[in-house]
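>>> here is a sequence with its predicted model. Questions after.
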Amino acid sequence: MLFSEATTTSFFSLAPWLVFAPVIGLLINIIIGGRFSEKLIGAVASVASGATFIVSLLLAYSVWVGHGQGESIFLAEWIHVGSLSLDWTFRVDSLSTTMMLVVSGVGTLIHIYAIGYMHEDVRFKNDPSRFRRFFVFLNLFIAAMMILVSGDSYLMLFVGWEGVGLCSFLLIGFWFEMDTLARPSWANSNAAKKAFIVNRIGDLGFLIAGFLMFWYLGSLQFDEVFAAAPELADTQPGIIIAITLFLLVGVAGKSAQIPLFVWLPDAMAGPTPVSALIHAATMVTAGVYLIARSAPLYNLVEGAQSVVVIVGAATALFAATIAVGQYDIKKVLAYSTISQLGFMVAAVGMGAYVAGIFHLVTHAFFKALLFLSAGSVILGLERGHHLLAHAHNGGAADHDDEEEVRRTEPAEVFDPGDMRNMGGIRKTMPVTFWLYMIGSLALVGIIPFAGFWSKDEILLDASLKYPAVYWLLSTAAFFTAFYMGRQIWMVFFGTARHEAAANAQESPKIMTVPLMVLAGLSILGGLLNLPFKGFHNLGHWLEFTLGEVELLGLDPTVAGLSTLLALAAIFISWLLYGRVTLKQADRDPLKKPLGFVFTGMENKWFVDEAYKAMIVDRYTDVCRFLADVIDSRFWHDWFHEKLIVGTYNWFSNTGLNYYADQKIIDAFANGLGRTTKYLSASVRRIQNGFVRSYALSVFLGVVLILGYLILK
Amino acid sequence: MIPLSWYLILSAALFSIGLFGVMARRNAIAILLGIELMFNAVNINLVAFWRYLDPTIMNGQVFAIIVFAVAAAEVAVGLALVISVYRNRKTVVVDDLDLLKW
Amino acid sequence: MPPINFNDIEVLLPLIILVIWACLLLLVDLFIPKKHKWLTALLAAFGLALTLGFTLSQLGSESNGFCATGKPSICMVVLDGFSVLVNALLLLTGLLGVALAYGYLKRMGIERGEYYTLMLFSISGMMLMAQASDLIIVFLALELLSLPLYVLSAFARSNSDSQEAGLKYFLLGAFSSGFILYGIALVYGATGSTSLSQIFEIASVGTSSLLLTIGAALILVGLGFKVAAVPFHMWTPDVYQGAPTPVTAFMTAGAKIAGFAALLRVFGSAFPNLSEDITPILWALSAATMIVGNLLAIAQTNIKRMLAYSSIAHTGYILMAFVPYGNPEVAPVSIAAGLFYLFAYTITNFGAWGVVIALEQKESKGLQISDYAGLRRKYPVLAGAMTVFMFSLIGFPPTLGMVGKFYLFRAVLSGGYTGLAIIGVVTSLVSAFYYLRVVVNMYMFAGEPKTDNEFWLRFTIAGAALVTVVFSLVPQGLFAWASRAVLKLF
């Protein structure tokens, strides 16, 4: 079925292999991977992911060959109840193939990187056997993400949505028994739980939207929904608004927008490849994809669009300010991701779907690059740290020898991700340094890097439609440049603030080569959609799915202003962080001028604390109450024990046993027996042994009988 | 002819006397005598009936003779038993024989 | 004198053989030395077996014997299915009696050959009872069977109890013989005949006269004495307790069978028309017997006395079967049930008495119920057998006693005597107490019982137990035979 039709130039029928390939990969690793070497496990996983990428290419090619005509490939029947008929169908069109390519492409690169990264990480954390599990989970994630982007209905999308949520949980809590500094703790497990639970809240919104869709539009399948929507928009626009806003709740959960973004910074507890793949490049972008896919719905209701835009813009600025005050290298990038997602959401909210998807693609490239490079830096510090530890003890102890490692570990807790421990990495890890630079420049939006083109398009669209939003986004862009500059000065320039940083080692090729590919994409990514006539490649491409889009050209004003802001921000950051190298004990230079504002930035504006006080603690109180008072004391102790069991026991012991049985029944039965015995003992005296009385008795009988007969 | 009822009454009277003898006498032999009296009373009855109802059938007479024989056998056995008891217990007062009671 | 034709002898052939054999045995016994008295027992058994063979050869034949000239319906003796059945039963009883007595007599030092002769005479009397067709014969047979029993009761000459039992039995037996004789006389006076069939004829025409009824009632009294019905039962506990145990065993079964056979013959053949008057009396007798028998047994500690009272109670049950004798629809089934129960009772009885014999020691020791304690441990088979017999007497499945009781109650209920059935059931329940007391003693108390291990004793006990259990599973054959036999009477 799947290969016989491959002889034609269209490869649509290969669509199911998007999902099958990574599933096969993970099954191989699960079942027989126990005997594989680490390289082989990694290779299997990467090949599976790579196969997905190739299939995506072929599918995209098929769409292109078909002049943008997408196809739906039916795989299996699922739900057929009454009028509801939902099947597992693959939708291959320009939008979905774009997503497929990004996910599988970046995903494969990250798979390869992870072979090297996890090889070292499991040794730093003393559990080499967990290597296999990581790649099983990664493949599972690719499979779930593929289901998400290739689904033909909101239902299939939701299946993938939940699947990636699960993988996120599994991978964030990969080192579930420890915290990021490898101490025994609940920290990582809590982070995973937080991600899952907050996502769930978003999922609730998605489900309600789905219910509304089914109830009012009669279907969950994209085409059918979009076909029926306009009519409903005329009669009951409120329903469409409700649907779109509930979808937005889902987006806020998955794509970390206000107010459900709080899980993403904590998700940095997972290994860095996870942060890169899931929490930067792919999963978090699912929300943006959702809105883009639901464009026909959003286009019907302007009010909803405004809400989306505001949420996106606010998130962009809010997160950017937090990023300024963070000291952990990954946390800065995490808030940066939230901020950039805000950009994307604002873009698709505005109706600039192409801009949003474009930024999604470029962001995937450079954010993955940044995260993976940060991982490289972290590992470099770890290597340096271990080197020093061994050198201090003069022995060539094996890492596999736990005793030795523990003895050689210094007493102080060393955080390899804290930027205050870093400095001068430029000299010790030059390759990583250049890679990081390229990623940062792309993120900041310096021409001609990819980020410039995509961010600029968004800003342009904003300036035309929502000027206020334009200013918000521009401010956010300013902060983006500032915190990235701060980060680079702190990490790579100056002198090392910790001897581990001074002895940092460069990462092996297996890690740096994929990064170079990403770097290349970050540089050249802009070619995807240059804003010049005849070059709106992505735009034209997406037009096939999204319908007529306005393809704007380059506006020098907007572009120039944004570049100016960026450069200004970098300069200010240099003034504060680059000119004079800070010592480890120094306070952040922003603390004094900004005072309490900086404190707010440092502490993420106390959002988590507020949530805890207002929601989490209150919820726990209710649960405690229900469990202790209602369930334990009332239901169990009183109702069950006293009332039911006690009554029953009384009834059977006292009531039935004593009163009924002993007093009444036993008394009766025993009484009968006693009476009979008494009677017997009394009557037996008649037999007195005298013959004459016996004779008398006979005579008596005769008399009685005769008497009876005569008198009758 | 003496009416039949006279014989019957006589027989009944004798029977009653015998009955009384059985129940009132303490001596075993006296009781035996009473029993004999009862048997003979019946004999009178039998013969009276025979004579007054149908003298041609021999049943009554024959029966009376059989009763004689039986009574005699009975007495023989009875006296032997009384002697056996006497040898054992040195008494013929039946009231003394109350080992088996209750 | 009418010639005694061959037919008459044929009718009485088994009886004649038995009587001649008994007389010869009496003579032969004189020449058997003291040490070899077992020979007497063997000869007696052989004689019984021979007679049994002749009896069974009479199966299916019907005839009358010693009939009046010119009147073939007025006969003295009769041979029919009923008589064959009862005779066979009686001879079986005799054989079992010999088996039980054999070891006991030797053990107790009263081994004299006259025992077996007396037994044979008694059995012949019983057989005559079953074949009687005339009131004279009934009386004769009664005396013939009773006199040896008086002597046998006093057989243990050194035992005071035995002597006392013998004398009491004699005195009271003779006393009640007086009554039955008076009754027969009155019946003769009322009907002018002593032949059962003729009485029946004469009684069926015309109104029933008081004389006849009283006569019948007195006959009932006499026969009631023999079968130990209340209030004529007072001799039973003393005599059963005092007499040597094999004699008791023999008496219980044989005399009862004969007594009931006579009751059947007399009342079934001659007095069915009197049932209106007699039935209530029978009802009262049956109820009283059941109640008194079971009630007084509770207080007993001597097992022989206890079994004596139990015997009274069982008479009550069998009397229950005779209550509807006047009802032609129910009577055959009912009386057949009674006969069946007699058979069941005989077997069980012999088994139980056999166990009593086994445990009895010299000088009346070993006869208390408490002496049965711990029997389970030393003689588990014996204890098991006794349990079977006890269960059978209670009427607990899977025993013959239970089947018998079942038939009985069914018959009585179909006759419409629900009250009687209820009394029967309640008293059966009560009886469970004293029967199970024995079982409890055997199984749950500790003790050191001593038993006799004579072969024929064991054989009898085992055989009885086996029959009790096995026959309970296939009772239909015997019941059918009993039914067919009874039908001839009506």
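Ah, there it is.
>>> quick one: the strands in chain C?
Here chain C has its strands, by DSSP state E, at C:63-68, C:71-79.
>>> comparing the ones you listed, which gets the lowest mean pLDDT score?
Of all the strands of chain C, mean pLDDT reaches its minimum on strand C:63-68 (a mean of 75).
>>> all helices of the stretch 451-600 of chain A, in order?
A:467-492, A:499-502, A:509-524, A:537-546, A:556-573, A:591-594, A:596-602 (DSSP state H, counting those that start in this stretch).
>>> nearest to chain A, out of the strands of chain C?
For the strands of chain C, the distance to chain A is smallest for strand C:71-79, at 27.5 Å, taking C-beta to the nearest C-beta. Quick note: C-beta positions are derived from backbone N, CA and C, even for glycine.
>>> ok and the closest one relative to strand C:63-68, angle-wise?
Using axes from the mean of the first three to the mean of the last three C-alpha atoms, to 10 degrees, the direction of strand C:71-79 lies 130 degrees away from that of strand C:63-68.
>>> picking up where we left off before, let's have the strands of chain C in CSV, adding distance to chain A.
Shown next, in CSV, are the strands of chain C (distance: least, C-beta to the nearest C-beta, whole Å):
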stretch, distance to chain A
strand C:63-68, 31
strand C:71-79, 27
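>>> out of the ones you listed, nearest to residue A:616?
Using C-beta to C-beta as the measure, strand C:71-79 is the one of the strands of chain C that comes nearest residue A:616, at 110.6 Å.
>>> list the buried residues of stretch C:435-455.
Buried positions in stretch C:435-455, judged by neighbour count with 16 or more other C-beta atoms under 10 Å in any protein chain shown: C:435, C:437-439, C:441-443, C:449, C:451-452, C:454.
>>> same check, this time on stretch C:268-282
Buried, per 16+ other C-beta under 10 Å, within stretch C:268-282: C:268-272, C:274-275, C:277-279, C:281-282.
>>> sorry, back to before: tabulate the strands of chain C (a markdown table), appending distance to residue A:418 and mean neighbour count.
Shown next, in a markdown table, are these (distance: least, C-beta to C-beta, whole Å; neighbours: other C-beta atoms under 10 Å in any protein chain shown):
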| stretch | distance to residue A:418 | mean neighbour count |
| --- | --- | --- |
| strand C:63-68 | 131 | 19 |
| strand C:71-79 | 128 | 19 |
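>>> can I get those strands in a markdown table including distance to residue A:352?
Listed next are the strands of chain C as a markdown table, based on distance: least, C-beta to C-beta, whole Å:
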| stretch | distance to residue A:352 |
| --- | --- |
| strand C:63-68 | 132 |
| strand C:71-79 | 130 |
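>>> chain B versus the closest residue to residue A:524 other than its chain neighbours, what's the distance?
Nearest residue to residue A:524, sequence neighbours excluded (C-beta to C-beta, 6 or more residues apart in numbering or on different chains): residue A:450, at 7.1 Å. Using C-beta to the nearest C-beta, to the nearest Å, residue A:450 is found at 124 Å from chain B.
>>> what number of residues lie near residue A:450?
29 (other C-beta atoms under 10 Å in any protein chain shown).
>>> same deal with residue C:245?
So residue C:245, with other C-beta under 10 Å, has 26 neighbours.
>>> would you confirm that it contacts residue C:359?
No: using C-beta atoms under 8 Å as the test, residue C:245 is too far from residue C:359 to be in contact (9.8 Å).
>>> check contacts around residue C:100.
C:245-246, C:249-250, C:350, C:353-354, C:357, C:456-457, C:460 (C-beta atoms under 8 Å, 6 or more residues apart in numbering or on different chains).
>>> now it: closest residue in space that isn't a chain neighbour?
residue C:246 (4.4 Å).
>>> pretty sure that neighbour contacts residue C:106?
No: look at residue C:246 against residue C:106 with C-beta under 8 Å: they stay out of range, at 11.4 Å.
>>> have a look at these two and say which one is more surrounded.
Taking other C-beta under 10 Å, residue C:246 and residue C:106 do not tie; residue C:246 has more neighbours (29 against 15).
>>> which ones are touching the more buried one?
C:97, C:100-101, C:104-105, C:353, C:357.
>>> what number of residues lie near residue A:632?
Applying other C-beta under 10 Å, we find 12 residues neighbouring residue A:632.
>>> tell me the pLDDT of it.
Residue A:632 is given a pLDDT of 76.
>>> can you read off the pLDDT for the residue of chain A found nearest chain B?
Nearest to chain B, among the residues of chain A, is residue A:689, at 3.0 Å (C-beta to the nearest C-beta). We have a pLDDT of 83 for residue A:689.
>>> swap in residue A:396?
49.
>>> which residue is the nearest non-sequential neighbour of residue 29?
Unless you meant another one, I'm taking chain A. Closest to residue A:29 by C-beta to C-beta, 6+ apart is residue A:136, at 5.0 Å.
>>> please refer instead to chain C.
residue C:113 is the one closest to residue C:29 (C-beta to C-beta, 6+ apart), at 3.4 Å.
>>> just the element for the residue of chain A closest to chain B, please.
Using DSSP states H and E, residue A:689 sits within no helix or strand.
>>> hmm, residue B:102 and it touching each other?
Yes: in this structure, residue A:689 is within contact of residue B:102 by C-beta under 8 Å, at 7.4 Å.
>>> follow-up on the earlier one: return the most buried member of the helices of the stretch 451-600 of chain A.
Greatest average neighbour count among those goes to helix A:467-492 (a mean of 23), per mean count of other C-beta atoms under 10 Å in any protein chain shown.
>>> what packs against that helix?
Judged by 3 or more C-beta pairs under 8 Å, 6 or more residues apart in numbering or on different chains; DSSP states H and E, the packing partners of helix A:467-492 are helix A:302-324, helix A:329-350, helix A:425-428, helix A:430-444, helix A:450-465, helix A:556-573.
>>> and the fifth one, C-alpha only, in PDB?
The reference is to helix A:450-465. What follows is helix A:450-465 as a C-alpha-only set of coordinates in PDB (Å, rounded to 0.1, in the frame of the first residue of the first chain):
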ATOM      1  CA  ALA A 450      17.900  35.300   9.500                       C
ATOM      2  CA  GLY A 451      16.300  36.800  12.600                       C
ATOM      3  CA  PHE A 452      16.500  40.300  11.100                       C
ATOM      4  CA  TRP A 453      14.200  39.400   8.100                       C
ATOM      5  CA  SER A 454      11.600  37.600  10.100                       C
ATOM      6  CA  LYS A 455      11.400  40.000  13.100                       C
ATOM      7  CA  ASP A 456      11.400  42.900  10.700                       C
ATOM      8  CA  GLU A 457       8.400  41.600   8.900                       C
ATOM      9  CA  ILE A 458       6.500  41.300  12.100                       C
ATOM     10  CA  LEU A 459       7.300  44.800  13.100                       C
ATOM     11  CA  LEU A 460       6.300  46.000   9.700                       C
ATOM     12  CA  ASP A 461       2.900  44.300   9.900                       C
ATOM     13  CA  ALA A 462       2.500  45.700  13.400                       C
ATOM     14  CA  SER A 463       3.300  49.200  12.500                       C
ATOM     15  CA  LEU A 464       0.600  49.000   9.800                       C
ATOM     16  CA  LYS A 465      -2.200  47.500  11.800                       C
END
